[in-house]
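*Asks:* please work out how this folds:
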Amino acid sequence: MTAIDADIVIRRISTDEARERAAPLAQALADVLIDCVEGGASVSFMLPLAREKALEFWQGVLQAAARKERVLLVAETAGRILGTVQLITAQPDNQPHRADVAKMLIHRDARRRGLAAQLMAAVEQAARDEAKTVLVLDTVTGGDAERLYQRAGWQTVGTVPNFALMPDGAYCGTTFFHKQL
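*Replies:* Predicted structure coming up:
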């Protein structure tokens, strides 16, 4: 558990909590996801994002966390989840040392407070705790997240034009990064 300031804490959702509190966690995480998509984040979902679809996504993530296939971190204050990031640890047999960083999401109400940088530091520590030495991620080319990853010491692998769609249907490039721990 990491304290960002007096009222915000970053913590890992335990396997037990992922099983026992899946419904309320999925609700809170769906709030963050929906807010991010409505704010224009290209994170695999299109507008309009139905709450049921967001809940289904988070229920799957929580099941994977309960099976220890991914690490789920949250930034929260007074029981409200403000942000999240995942470390996907389940990898092919020839890549036991690697993990993917996914779904870095910060609610628009909580941006510009250093949460994303703190979540990135926490996910890198979680990777070390899981004996992962190579991390990869991707993000929208030219977005705020791209600059965040560069400041955090991630190395650009390359960019693929028109790789994905923004929530409104416009094409966007995707930049791929790696970090050696």
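
*Asks:* list the buried residues in stretch 56-76.
*Replies:* Along stretch 56-76, these residues count as buried under the neighbour rule (16 or more other Cβ atoms under 10 Å): 57-59, 61-62, 64-66, 70-76. Where C-beta positions appear, they are placed from N, C-alpha and C, glycine not excepted.

*Asks:* in helices, which of the residues you listed appear?
*Replies:* Within the buried residues of stretch 56-76, membership in helices is found for Phe57, Trp58, Gln59, Val61, Leu62, Ala64, Ala65, Ala66, as judged by DSSP state H.

*Asks:* any idea how far Thr174 is from the fifth one?
*Replies:* Distance from Leu62 to Thr174, counting by Cβ to Cβ, to the nearest Å: 26 Å.

*Asks:* most distant residue from the centre of the protein?
*Replies:* Asn94 (24.1 Å; Cα atoms, centre = their mean).

*Asks:* the strands in the chain, which residues?
*Replies:* Per DSSP state E, the chain has strands spanning 2-5, 8-12, 70-77, 80-88, 98-106, 134-140, 155-165, 171-180. These are given in chain order.

*Asks:* adding distance to Gln27 and mean pLDDT, write these out as a markdown table.
*Replies:* Written out in a markdown table, the entries for those read as follows (distance: least, Cβ to Cβ, whole Å; pLDDT from 0 to 100):
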| stretch | distance to Gln27 | mean pLDDT |
| --- | --- | --- |
| strand 2-5 | 23 | 58 |
| strand 8-12 | 18 | 96 |
| strand 70-77 | 13 | 97 |
| strand 80-88 | 9 | 98 |
| strand 98-106 | 15 | 98 |
| strand 134-140 | 26 | 98 |
| strand 155-165 | 26 | 98 |
| strand 171-180 | 29 | 98 |
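
*Asks:* which one of the ones you listed lies nearest to Ala121?
*Replies:* strand 2-5 (7.7 Å; Cβ to Cβ).

*Asks:* I'd assumed Thr174 was in contact with Gly158.
*Replies:* No. When contacts are counted by Cβ atoms under 8 Å, Gly158 is not listed as touching Thr174 (9.5 Å).

*Asks:* for these two, indicate the residue with more neighbours.
*Replies:* A direct count of neighbours by other Cβ atoms under 10 Å for Gly158 and Thr174 places Thr174 higher, at 17 against 8.

*Asks:* how much space between Ala54 and Gly60?
*Replies:* For Ala54, the distance to Gly60 (Cβ to Cβ) stands at 11 Å.

*Asks:* quick check on the residue farthest from the centre of the chain: phi, psi?
*Replies:* Torsion angles at Asn94 (phi, psi; degrees, to the nearest 10) stand at phi -90, psi 10.
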